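Visitor: Sequence first, predicted coordinates after that:
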Amino acid sequence: MTFLLSCKDADYNKEWLLTNGLGGYAMSTVSTMNQRRYHAWLVAATSPPVGRVVILSKVDEKVTLNGRCFSLGVNRYPDVVYPEGHRYLSSFACGKSITFDYRLGAHLFTRKILMPQGYNAVCVSYVCHTAEAVLTLRPYLTWREHHHLRRKAGSAELFRAKGADREVAFFAGPGTIPVTIQVTSGQFIPSECWIENVVYEREASRGLDFMEDLYSPGEFMVHLHPGEECWLFCWVGEPPGAVEPPEEPQRAYTETFVRDFSRAAEQFLVKRGNSYSIIAGYPWFSDWGRDTFISLPGICLATGRFEAARRILGVFADHIKDGLLPNCFSENGPACYNSADSALWWIYALFKYLEYTGDDDFTECLYDWVRRIIEGYVSGSEHIRLSREGFIETSPGTQLTWMDAKVGDEVITPRAGMPVEISALWYNALRVGEVLARRYGKTPPDAPRSAHLKERFLPLFWNEQRGCLFDVSGSCRDDAVRPNQLFAASLPFPIVDEDVAGRMLQVVFSQLWVPTGLRTLAPDHPSYRPRYEGGPLERDRAYHQGTVWAWLLGPLVDAVCYAWHHRDTQEAARALLRPLHAGMTEACIGQVGECFHAEPPHDSVGAPAQAWSVAEPLRAFSEHVLKVKRLEVRQ
């Protein structure tokens, strides 16, 4: 699917994203003015899918036609935007490649950007369709970890370039890999300079440092005949092979929702060694355990990528330690195990894999890991233990659930005790363990019986006064109305009956639901934050204190179809997911963002493209609207 824009003023700040299947990406705005430190035409993953380095910030172009020069670049400096090439932009298309059409006087000029899969490279083509033109291309370069910025001071003595004919090699200092830039016609003209004080305005609005200096080794001068295409290639490491604009998959989609969300899902699936993983979000997240296994059914199973799902489940099993899975893999450091639920989501994803594929051989091979995880939880660890009621209890002082914002030593959403979704996931893990043990004739996990937990759940979690579930139970119950209670009804094995789920949903719809997702806290709570904005401290305090998350629409649809199964759940699911689809041209084109303001107009905030925001709606649509056939293994 290609998304088309007519390029009105409101469109210029919208973002676009291309990915290379390694964790690298290209990302900027419709105008091509970089507004984030992460915006660049080539961000390479030097240790896929992490080790991401900004290399080619952009290329500023000048097109000379009949003696008149048109500057197509757009850059913000402290007091000015210069040049203003977006004023010539007539149309924009975002699909497998990004296409910009410019109206230069009476002539049409096109730039196209694409990323070849499996290479840390970007390819840019230029065509002047109806006239001869002289094209001047000035690349803006850097070499920095993508979370950081670089200034000329301390860098000028490191950066070097060596150019000849149609190629230039860029060296960012000792220990770095050479960067090559090459054009298919024309000549490189050395004219080294620094472009200083480039402003990234979205970084300023996020309370972060926002100014950078960029290096340019010179210009490429290209003479174009009418309709002639010139390519610019930039790569690090292995050069790309013959480049052809990627074609859209030939799969016949009966639903535009599935087509658009499937294309968005592709961008998160990446290589990790000889296996695969799922990037949690672009541009700043790496692959996270929890996010991976919440996302896997939508990214891999609903799209038919069963081999990728199998490899991801297998490779993460190798990282299980004392029953726990890593919460995240950092860009340059060790894996972090501060998660009470990542391993439980792994069990959920393995069960979903069996439902979608019927692959008993693979599932049976991983059954021992299911048992080890469950028995590891029973034994306990530094941050979790088994409560006397048989549920999982988390310790204070560490963010262990998906509501994980922390400022210094302060956990913004403290959920010590028995969080409701951890309890539901634990019950599901026990049920899966029991079902698989019977199915394969294996020794069941040495753990509490799931039937006993189901009997004890409502007395522990039902809040009669509010007509819904406590968010946390235990010695200190938390009666804040949050969406976590949905998982009691949305997982493969609901721990509440349909009547309880229906009562709970009435509260969820009246206090948490908005068209783009669910609020993380009801507006009547004193800690409710209506907007996610400001510096890091302000944003962290709002992250799960009202801010809307799109991925929660998946479990919402599951719970609705469970509780109200006697109604037209197919149309209900479609109606709940429709607004998110309609919004795919509003922020990062063709993608769904991480979260949204809690109050209207519910603008997209946080990461512009988030895996589970795409995956969960796609899975829910596939299961409840398309009614994708799955193996019945729940008995």
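Guide: The structure has been received and is ready for your questions. Quick caveat: nothing in here was measured; it's all calculated off a predicted structure. Numbering: from 1, shown residues only.
Visitor: Which helix runs longest in the protein?
Guide: helix 420-440 (DSSP state H).
Visitor: Quick check: buried residues in that helix?
Guide: 420-437 (16 or more other Cβ atoms under 10 Å). Yep, even glycine has a C-beta here, placed from its N, CA and C like the rest.
Visitor: quick one: the helices in the stretch 451-600 of the chain?
Guide: For the stretch 451-600 of the chain, the helices defined by DSSP state H, counting those that start in this stretch cover 487-490, 498-511, 536-542, 553-563, 569-582.
Visitor: The stretch 201-350 of the chain too?
Guide: Assigned by DSSP H, counting those that start in this stretch, the stretch 201-350 of the chain shows helices spanning 201-205, 256-266, 289-296, 306-317, 342-357.
Visitor: mind checking which of the helices of the stretch 451-600 of the chain is nearest residue 404?
Guide: Across the helices of the stretch 451-600 of the chain, residue 404 has its closest neighbour in helix 536-542 (9.9 Å, Cβ to Cβ).
Visitor: Show residues contacting that closest one.
Guide: 206, 207, 208, 405, 406, 407, 412, 529, 531, 532, 533 (Cβ atoms under 8 Å, 6 or more residues apart in numbering).
Visitor: Need the max-distance pair from those residues.
Guide: 406 and 531 (20.3 Å).
Visitor: Give the residue spans of the protein that score low on pLDDT.
Guide: 1, 4-5, 7, 10, 242-253, 329-334, 634-635 (pLDDT under 70).
Visitor: PyMOL command to pick out the buried ones of the contacts of helix 536-542?
Guide: Remark: buried members of the contacts of helix 536-542, expressed as a PyMOL selection using 16+ other Cβ under 10 Å:
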select buried, resi 206+405+406+412+529+532+533
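Visitor: how about the contacts of helix 536-542 in JSON lines, adding distance to residue 384?
Guide: Below are the contacts of helix 536-542 laid out as JSON lines (distance: Cβ to Cβ, whole Å):
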{"residue": "206", "distance to residue 384": "33"}
{"residue": "207", "distance to residue 384": "34"}
{"residue": "208", "distance to residue 384": "34"}
{"residue": "405", "distance to residue 384": "19"}
{"residue": "406", "distance to residue 384": "17"}
{"residue": "407", "distance to residue 384": "23"}
{"residue": "412", "distance to residue 384": "20"}
{"residue": "529", "distance to residue 384": "28"}
{"residue": "531", "distance to residue 384": "33"}
{"residue": "532", "distance to residue 384": "29"}
{"residue": "533", "distance to residue 384": "34"}
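Visitor: Going by distance to residue 48, which of the contacts of helix 536-542 wins?
Guide: residue 208 (26.2 Å).
Visitor: Where is the longest strand in the protein?
Guide: Under DSSP state E, the strand in the chain containing the largest number of residues is strand 50-65.
Visitor: how far does that one sit from the chain's center?
Guide: 23 Å (Cα atoms, centre = their mean, to the nearest Å).
Visitor: Parallel or antiparallel, which strands does that strand pair with?
Guide: Applying DSSP bridges, strand 50-65 is found paired with strand 40-47 (antiparallel), strand 68-71 (antiparallel), strand 133-145 (antiparallel).
Visitor: Can you add distance to residue 84 and give the helices of the stretch 451-600 of the chain back as TSV?
Guide: Listed next are these as TSV, based on distance: least, Cβ to Cβ, whole Å:
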stretch	distance to residue 84
helix 487-490	49
helix 498-511	46
helix 536-542	31
helix 553-563	39
helix 569-582	31
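Visitor: Which of those sits closest to residue 524?
Guide: Comparing the helices of the stretch 451-600 of the chain by Cβ to Cβ, helix 498-511 comes nearest, at 7.4 Å.
Visitor: which parts of that closest one are buried?
Guide: Buried, per 16+ other Cβ under 10 Å, within helix 498-511: 500, 501, 502, 503, 504, 505, 507, 508, 511.
Visitor: got the angle between that helix and helix 553-563?
Guide: 140 degrees (axes from the mean of the first three to the mean of the last three Cα atoms, to 10 degrees).
Visitor: what helices or strands is helix 498-511 leaning on?
Guide: For helix 498-511, the packing partners by 3 or more Cβ pairs under 8 Å, 6 or more residues apart in numbering; DSSP states H and E come out as strand 468-469, helix 487-490, helix 553-563.
Visitor: re earlier: how far off centre is the longest helix of the chain?
Guide: With Cα atoms, centre = their mean as the basis, the mean position of helix 420-440 lies at 28 Å from the chain mean.
Visitor: Dump that helix to CSV, keeping only the CA atoms.
Guide: C-alpha atoms of helix 420-440 as CSV (Å, rounded to 0.1, in the frame of the first residue of the first chain):
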residue,chain,number,x,y,z
VAL,A,420,-3.9,-8.0,38.1
GLU,A,421,-2.4,-8.7,34.7
ILE,A,422,0.5,-10.6,36.2
SER,A,423,-2.1,-12.7,38.0
ALA,A,424,-4.0,-13.3,34.8
LEU,A,425,-0.9,-14.2,32.9
TRP,A,426,0.3,-16.5,35.7
TYR,A,427,-3.1,-18.3,35.6
ASN,A,428,-2.7,-18.6,31.8
ALA,A,429,0.8,-20.0,32.1
LEU,A,430,-0.4,-22.6,34.5
ARG,A,431,-3.2,-23.6,32.2
VAL,A,432,-0.9,-23.8,29.2
GLY,A,433,1.5,-25.9,31.3
GLU,A,434,-1.3,-28.3,32.2
VAL,A,435,-2.7,-28.5,28.7
LEU,A,436,0.7,-29.2,27.1
ALA,A,437,1.7,-31.7,29.7
ARG,A,438,-1.5,-33.7,28.9
ARG,A,439,-1.1,-33.3,25.2
TYR,A,440,2.5,-34.5,25.1
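Visitor: and that helix with helix 553-563, angle?
Guide: 70 degrees.
Visitor: tilt between helix 420-440 and helix 342-357?
Guide: Per the same axes, to 10 degrees, the angle that helix 420-440 makes with helix 342-357 is 50 degrees.
Visitor: So which residues of the stretch 101-250 of the chain form strands?
Guide: Per DSSP state E, counting those that start in this stretch, the stretch 101-250 of the chain carries strands over the ranges 107-114, 121-128, 133-145, 160-164, 167-171, 179-183, 187-199, 211-224, 229-236.
Visitor: Show residues contacting the second one.
Guide: So that's strand 121-128. 18, 20, 26, 41-42, 56, 59, 61, 63, 65, 104, 107-116, 135, 137, 222, 224, 226-236, 239-240, 243.
Visitor: Of those, keep whichever come out buried.
Guide: Judged by 16+ other Cβ under 10 Å, buried ones among the contacts of strand 121-128: 18, 20, 26, 41-42, 56, 59, 61, 63, 65, 104, 107, 109-116, 135, 137, 222, 224, 228, 230, 232-236, 240.
Visitor: before we move on, the earlier item: ranking the helices and strands packed on helix 498-511 by burial, who's on top?
Guide: Most buried of these, by mean neighbour count (mean count of other Cβ atoms under 10 Å): strand 468-469, with a mean of 30.
Visitor: ok, residue 310 touching residue 354?
Guide: No: Residue 310 is not in contact with residue 354 according to Cβ atoms under 8 Å; the separation is 11.0 Å.
Visitor: Great, nothing more from me.
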